[in-house]
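Asks: here is my input; please provide its structure:
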Amino acid sequence: MALADLISADQIIPEMKATERWDAIVELMDLLVERGKIRPTDRDGILISLKQREETMSTGIGFGIAIPHCSADCLENVIAAFGRSSNGIEFDALDNAPVKFVVLFIVPKNQFQTHLRTLAAIAKFLNDRSVRDQLANAKTADEILAIFRARAQS
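Replies: I've put the predicted structure just below:
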């Protein structure tokens, strides 16, 4: 499942305010609530699941990438948001480097295969250095989305 299929321009933060892992996750979650993708009543339960996942092991996978994720029984479809930080976010990443790109996604409960495929697709996409360079240089949410779409076509 490509990012272009999961994210619209209004689910992208071109310059995140957060400087720490948990604040970044909350910032993206609040965007999803604000955009009507997550019900306000489901917000805290999903945040608890995300925090439990992060406490198991950081989702900062290296190369300036973090992919916080969890499953939730209140969803019918995969929901995602993307945030970029030019200064970097302290995410306790595997390589100890600051995170510049955060993809938060939540899958419906009991969709393990979808969860794994989505995680793998996002990691593969962001593992490409040229993609990270393009994302770093994009000015707006629309430019970021265009990069997602261009890569989905190729």
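Asks: report the distance from stretch 30-37 to the chain centre.
Replies: 13 Å (C-alpha atoms, centre = their mean, to the nearest Å).
Asks: mind listing residues that contact it?
Replies: With C-beta atoms under 8 Å, 6 or more residues apart in numbering as the test, stretch 30-37 has contacts from Asp10, Gln11, Ile13, Ile38, Arg39, Pro40, Arg43, Ile79, Ala81, Gly83, Leu104. For the C-beta atoms, the positions are set from N, CA and C on the backbone; glycine is no exception.
Asks: for that stretch, C-alpha coordinates in CSV please.
Replies: Output of stretch 30-37 as CSV, limited to C-alpha atoms (Å, rounded to 0.1, in the frame of the first residue of the first chain):
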residue,chain,number,x,y,z
ASP,A,30,-4.1,15.6,16.4
LEU,A,31,-3.8,16.4,12.7
LEU,A,32,-5.8,13.2,11.9
VAL,A,33,-8.4,14.1,14.5
GLU,A,34,-8.6,17.7,13.1
ARG,A,35,-9.1,16.3,9.5
GLY,A,36,-11.9,13.9,10.6
LYS,A,37,-9.9,10.8,10.0
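Asks: Val91 reaches Ala66, doesn't it?
Replies: Careful, residue 91 is Phe; it's not Val. Yes - here Phe91 reaches Ala66: they are 4.8 Å apart, a contact under C-beta atoms under 8 Å.
Asks: what is in contact with those two at once?
Replies: By C-beta under 8 Å, 6+ apart, Phe91 and Ala66 have these common neighbours: Arg21, Ala24, Ser58, Thr59, Gly60, Val99, Val102.
Asks: any idea how far the fifth one is from Leu104?
Replies: This points to Gly60. Gly60 sits 13 Å away from Leu104, going by C-beta to C-beta, to the nearest Å.
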